[in-house]
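*Asks:* Predicted model and sequence follow; I will ask about them next.
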Amino acid sequence: MASPLSIYFSPYSLARPSNNQTRNRQNKAIPPRNLRKNPNYEHKTRTTSRNLPLSSTSGGEATTFTRLPPKDDFVDSPFDSTFQSPAEVKLSDSTITQTPNKNVSKAKNELENDRLRSEDEEIDGKLAFDYGNFELFEINSDSDYGSDDDLGDEHNNDEMLGFRDEEFENKGFEEEGEEEEEEDKEKQKGVPAVMRCFDRAKIYVKAGDGGNGVVAFRREKYVPLGGPSGGDGGRGGNVYVEVDESMNSLLPFRQSVHFRAGRGAHGQGRKQNGAKGEDVVVKVPPGTVIREAGKDGVEGNELLELLHPGQRALLLPGGRGGRGNASFKSGTNKVPKIAENGEEGLEMWLELELKLVADVGIIGAPNAGKSTFLSVVSAAQPTIANYPFTTLLPNLGVVSFDYDATMVVADLPGLLEGAHRGFGLGHEFLRHTERCSVLVHVVDGSSQQPEYEFDAVRLELEMFNPDLAEKPYLVAYNKMDLPEAYENWVSFKERLHIRGIEPFCMSAVKREGTQEVICAAYELVRERLETKKEESWNGPSNLNHVADMMRKQQTAPINEFEISHDSASNTWHVDGAGLQRFVQMTNWRYMDSERRFQHVLEACGVYKSLIKLGVKEGDTVIVGEMEMVWHDASDNSKTSKLRKWSVDSIK
Ligand SMILES: Nc1nc2c(ncn2[C@@H]2O[C@H](COP(=O)(O)OP(=O)(O)OP(=O)(O)O)[C@@H](O)[C@H]2O)c(=O)[nH]1
Ligand SMILES: [Mg+2]
């Protein structure tokens, strides 16, 4: 039977890149028309349901940086275990100013804060605290930054990490108009702009395209009719994600956003198959959650959660190599002049989110002394200052014990009432507590109502996630060196006793009582580990489910498709993952390709369905990226004429 479809390249299909350009394509299936917005569009039939491919979005911001302390900071810290009883506290030793009254108006608060800052400088001098790079986080400051050129140069520098990177990123935010708008929005929500850059990244991954198969024939002396000998193309490289324990932030993804696996080599004569493309391994820190990039502010599906060092997951499998003509040899066609293109590798945008994996999380109201506590028990040097929200990003420290045991402690941003609804640093803060095994709740003993403050923080945890409130925790009543804290201690302790809680007291600034707290926390961590031992990770589980899902979509049967009709332009769309893949792998350079194409469409029922739905002479039919004109099979002369024309144009 004469084939009813003739093929030509529409302007749309001409825009399709040539074989060697395909690696740069962003979209596998470019929607040819905006049919779904067309009022004349009718959805005619659906032969079978199918999984929609995971969406890929183009463009993306790469916004991560962190101020987690460099690994070098993690060295043994000396403990001062001598705890003086409250009776020994000398008030004259302490010149610490108290937290400003939080009820005063905002303007007043600012003035007060300025004053306190200057006071702090004095105090810190006395306490020998190192404020290090404190100025770094004043995002709105224009001063101290280099010129545009400097910025560009820095961005080209692969080694741009750490301090300088943070500095320039801050500048980057000010300069980009779009970012500024976003920043304003965030500010309105009360979340400092710096927070959104800390532990999130957006990256693009693409599996390698398969190599093309070739048409070749064996030519050898004394071997007449040597037969087809075109080899298959090699498979494209895979995209893996691997946990690298030496990483503790998503900072490197500011520099490298695109990860593309290598293309498979093309097949060659003498039945030589192409080599496999090079794999690409995306290294992420432990605790990374990987999501499909969301659209319009909607979070994408969670694909993977990588917690343990060494875990490795196959994310995107490489495209299949195209078959060479040796593979098409059959009893009926001994000299096939056909070979396939390599299958295109899948691509997608991913969102990475790093959730802290620390043994102990230090929580509490702002200004309670959490950072001071961390600086005392570990070698970390977080910024400490006498005003709320000094800590915007979690700081990590490693606590080393004499007996060769270590524990990771995270100092988290302060928590305010209403945090579960996003007040203060809200969710950003609470998210980080989810992964800590044990919490140390630092209470500011010098506050007006320490117990109320304690309850408010507990309540916020519970409101955000009841599991958080279930975590083992201990209470450390801080600032015992201050008279008001010392006075309130007994009543605080008694009230907590009644509730079955045994609080600790300490003076972080004087390093008194801190060792008891951290040792008790370590005991809790150990207990927790014991109970969790059975559920602990025992080697790699199957983490390749994303790749399996992708493969399933890729290998969707060719006879699963749906047909839609645009009556205004008399266009029929035949959509199906299997068909689309078939069209993409058809190499129109070879003589037999078109015949095979027509044959496959007929065999999988496309023609039958179109006729059933009422396709007419001259209608346009779009399959994948191919656009064709329908001709009734009875009009043989017309069909063959048009078919010849189409083949010429393909050539
Ligand atoms: N007197 C006294 N002051 C302390 C003690 N611990 C911390 N401070 C002071 O309290 C202020 C706040 O300390 P930080 O460690 O920055 O408090 P924080 O809980 O980390 O605060 P945020 O990060 O803003 O939530 C600083 O001025 C510290 O010097 C203490 O034991 N005694
Ligand atoms: Mg702090």
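*Replies:* That came through, no problem. Because the structure is a prediction, the values reported are computed rather than measured. Ligands and ions are numbered 1, 2, ... in the order given.

*Asks:* Need the phi and psi values for the closest residue in space to Glu502 that isn't next to it in sequence.
*Replies:* Leaving aside its chain neighbours, Glu502 sits nearest to Leu496 (7.5 Å; criterion: C-beta to C-beta, 6 or more residues apart in numbering). For glycine as for every other residue, the C-beta is placed from the backbone atoms N, C-alpha and C. Backbone torsions of Leu496, given as degrees, to the nearest 10, read phi -70, psi -30.

*Asks:* Looks like Leu496 contacts Val475 (just checking).
*Replies:* Yes - contact criterion C-beta atoms under 8 Å: Leu496 and Val475 qualify, at 6.6 Å.

*Asks:* Show me the common contact partners of the two, please.
*Replies:* Jointly contacting Leu496 and Val475 under the rule C-beta atoms under 8 Å, 6 or more residues apart in numbering are Phe454, Pro503.

*Asks:* So these two - more neighbours on which side?
*Replies:* When Leu496 and Val475 are compared for neighbours, Val475 comes out ahead with 23 against 18, by other C-beta atoms under 10 Å.

*Asks:* Pairing-wise in the sheet, spell out the partners of that one.
*Replies:* His441 (DSSP bridges).

*Asks:* who's in contact with it?
*Replies:* Taking C-beta under 8 Å, 6+ apart as the test, what Val475 contacts is His441, Val443, Phe454, Leu496, Ile501, Pro503, Phe504.

*Asks:* Give me the residue ranges of the stretch 301-450 of the chain where confidence is low.
*Replies:* 356-357, 402-404, 416-432 (pLDDT under 70).

*Asks:* Walking through it, point out its helices one by one.
*Replies:* 370-377, 426-433, 450-464 (DSSP state H, counting those that start in this stretch).

*Asks:* Out of those helices, which one sits most buried?
*Replies:* helix 370-377 (a mean of 28; mean count of other C-beta atoms under 10 Å).

*Asks:* quick one: the residue nearest to Glu502 from Tyr452, how far?
*Replies:* Going from Leu496 to Tyr452 by C-beta to C-beta, to the nearest Å gives 13 Å.

*Asks:* Repeat that for Arg235.
*Replies:* 64 Å.

*Asks:* and if you look at Arg495?
*Replies:* For Arg495 relative to Tyr452 (C-beta to C-beta), the value is 11 Å.

*Asks:* quick one: average pLDDT of the host helix or strand of Leu468?
*Replies:* Per DSSP states H and E: Leu468 is located in helix 466-470. Regarding helix 466-470, the rounded mean pLDDT is 82.

*Asks:* Using CSV, write out every CA atom in it.
*Replies:* Output in CSV follows, covering the C-alpha atoms of helix 466-470 (Å, rounded to 0.1, in the frame of the first residue of the first chain):
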residue,chain,number,x,y,z
PRO,A,466,6.3,17.6,66.3
ASP,A,467,9.2,15.3,65.7
LEU,A,468,11.6,18.1,66.7
ALA,A,469,10.0,18.3,70.1
GLU,A,470,10.5,14.6,70.5
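
*Asks:* so what secondary structure elements neighbour it?
*Replies:* helix 450-464 (3 or more C-beta pairs under 8 Å, 6 or more residues apart in numbering; DSSP states H and E).

*Asks:* residues from the stretch 451-600 of the chain in reach of ligand 1?
*Replies:* Asn478, Lys479, Asp481, Leu482, Ser507, Ala508, Val509 (C-beta under 6 Å from any ligand atom).

*Asks:* Between those, which sits nearest ligand 2?
*Replies:* Ala508 (10.9 Å; C-beta to the ion).

*Asks:* so what's that closest one up against?
*Replies:* Gly369, Thr372, Phe373, Val376, Val442, Asn478, Lys479, Thr514.

*Asks:* hang on, the earlier thing: which members of the residues of the stretch 451-600 of the chain next to ligand 1 define the maximum pairwise distance?
*Replies:* Taking C-beta to C-beta as the measure, these span a maximum distance of 11.5 Å, between Leu482 and Ala508.

*Asks:* Identify the bridge partners of Lys283.
*Replies:* Glu242.

*Asks:* Give me the neighbour count for it.
*Replies:* Around Lys283 there are 16 residues (other C-beta under 10 Å).

*Asks:* Would you mind confirming that it makes contact with Met247?
*Replies:* Yes - contact status for Lys283 versus Met247: in contact at 6.3 Å, counting by C-beta under 8 Å.

*Asks:* Now do the shared contacts for the two.
*Replies:* With C-beta under 8 Å, 6+ apart, Lys283 and Met247 have no common neighbours.

*Asks:* residues touching the residue nearest to Ile338 when sequence neighbours are not counted, list them.
*Replies:* Leaving out its chain neighbours, the residue that sits closest to Ile338 by C-beta to C-beta, 6+ apart is Asp592, at 3.9 Å. Neighbour list for Asp592: Phe328, Asn333, Pro336, Lys337, Ile338 [criterion: C-beta under 8 Å, 6+ apart].
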